[in-house]
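**Q** based on what follows, work out the 3D shape:
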Amino acid sequence: MTDRTVDLDKHRGMAAQKATDLRRALAEVEANARELREREADLENRMMTVPATSWPEAAVKARHLLNLYAASLPAEDTRHRALVAALFDDFVRLSGDE
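**A** Numbers count the residues shown, from 1 in each chain. Below is the predicted model:
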């Protein structure tokens with residue numbers, strides 16, 4: 001027995017090292033995506049259960065919903081994409097955050 005750890009990656013061929021790196025990267029991406037979905041679900045639950053107390057708070061909810069809508073639009077639907085962008089500009093202009 002020894003107290004030294006052995007880096008097994010050094011004993012593998014390049015193809016095996018690349019495959020291991022890809023698996024690790026994929027696992028990390030999947031974990032991040034899962035965490036993002038959970039955080040988004042938590043945010044949406046809070047948005048549904050806590051009523052807005054001002055127009056800016058309502059605009060935050062509307063902005064989130066519009067982002068979801070815009071993400072579902074096909075790339076060739078430039079008219080609706082432009083309409084969503086114009087509405088975001090209106091939110092900024094009317095909130096005084098320019």
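
**Q** separation between Ala25 and Asn32?
**A** Between Ala25 and Asn32 the distance is 11 Å, computed by Cβ to Cβ, to the nearest Å. The C-beta positions use only the backbone N, C-alpha and C, and glycine is treated the same way.

**Q** revised request: answer the last question for Leu87.
**A** 30 Å.

**Q** pick out whichever of these two has more residues nearby.
**A** Leu87 (14 against 10; other Cβ atoms under 10 Å).

**Q** skipping its backbone neighbours, what lies nearest that one in space?
**A** Leu66 (6.5 Å; Cβ to Cβ, 6 or more residues apart in numbering).

**Q** ok, how many other residues are close to that neighbour?
**A** Leu66: 17 neighbours (other Cβ under 10 Å).

**Q** need the three-state assignment for it.
**A** Taking DSSP: H, G, I helix; E, B strand; the rest coil as the rule, one finds Leu66 in the helix state.

**Q** residues touching it, list them.
**A** 84, 87-88 (Cβ atoms under 8 Å, 6 or more residues apart in numbering).

**Q** quick check, nearest of those residues to Ala58?
**A** Leu87 (13.2 Å; Cβ to Cβ).

**Q** name the helix or strand for that closest one, please.
**A** helix 78-95 (DSSP states H and E).

**Q** so how far is that helix off the chain centroid?
**A** Computed by Cα atoms, centre = their mean, to the nearest Å, the chain-centroid distance of helix 78-95 equals 21 Å.
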